[in-house]
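The following block contains a protein sequence and its predicted model.
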Amino acid sequence: MNANDLRAKNQDEIKKELMDLLRAQFSLRMQLGTQQTNKTHELRKVRRDIARVRTVMHESKLKAGN
């Protein structure tokens, strides 16, 4: 996922993307906790994507405030 791609989306699409990523993070945490997967790198990627989405959301709030 690229930040420029996120900036091209509207707020509703960004919020949906964030919810999908949070669900994926929860699912990966549960899989790791129950020893069902060894893909620890996936959790890192999802965490960084969540941070990227939240950063773009914050940028758009600041831009709308000015």
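Yep, that arrived.

Only C-alpha atoms from now on, for both contacts and neighbour counts.
Noted.

longest helix of this structure?
In the chain, with assignment by DSSP state H, the single longest helix is helix 40-65.

where are the low-confidence patches of this structure?
For the chain, no stretch is flagged by pLDDT under 70.

spatially speaking, which residue is in the middle of it?
The chain has Ile50 as the residue nearest its centroid, 2.4 Å off, counting by CA atoms, centre = their mean.

how far out from the middle of the chain is the longest helix of the chain?
Centroid separation for helix 40-65 versus its chain: 6 Å, with CA atoms, centre = their mean, to the nearest Å.

tell me which strands and helices it is in contact with?
helix 3-7, helix 11-33 (3 or more CA pairs under 8 Å, 6 or more residues apart in numbering; DSSP states H and E).

which parts of the first one are buried?
By that I understand helix 3-7. For helix 3-7, the buried set under the neighbour-count rule, 16 or more other CA atoms under 10 Å, comprises Leu6.

Contacts for that helix next, please.
Ile14, Arg52, Val53, Val56 (CA atoms under 8 Å, 6 or more residues apart in numbering).

again, only this time at 7 Å
Ile14, Arg52, Val56 (CA atoms under 7 Å, 6 or more residues apart in numbering).

Alpha carbons of that helix, as CSV, please.
The C-alpha coordinates for helix 3-7 follow below in CSV (Å, rounded to 0.1, in the frame of the first residue of the first chain):
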residue,chain,number,x,y,z
ALA,A,3,0.5,6.7,0.8
ASN,A,4,-0.1,8.4,-2.5
ASP,A,5,-2.8,5.8,-3.4
LEU,A,6,-4.5,6.6,0.0
ARG,A,7,-4.4,10.3,-0.6
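
mind pulling up the phi and psi values for Asn38?
As for Asn38, its main-chain torsions (degrees, to the nearest 10) stand at phi -120, psi 10.

now Asp20: how far from Lys63?
Distance, Asp20 to Lys63, using CA to CA, to the nearest Å: 25 Å.

Looking at these two now, which is surrounded by more residues?
Between Asp20 and Lys63, counted using other CA atoms under 10 Å, Asp20 has the larger neighbour count: 13 against 9.

can you pull the contacts of the more buried one?
So Asp20 contacts nothing (CA under 7 Å, 6+ apart).
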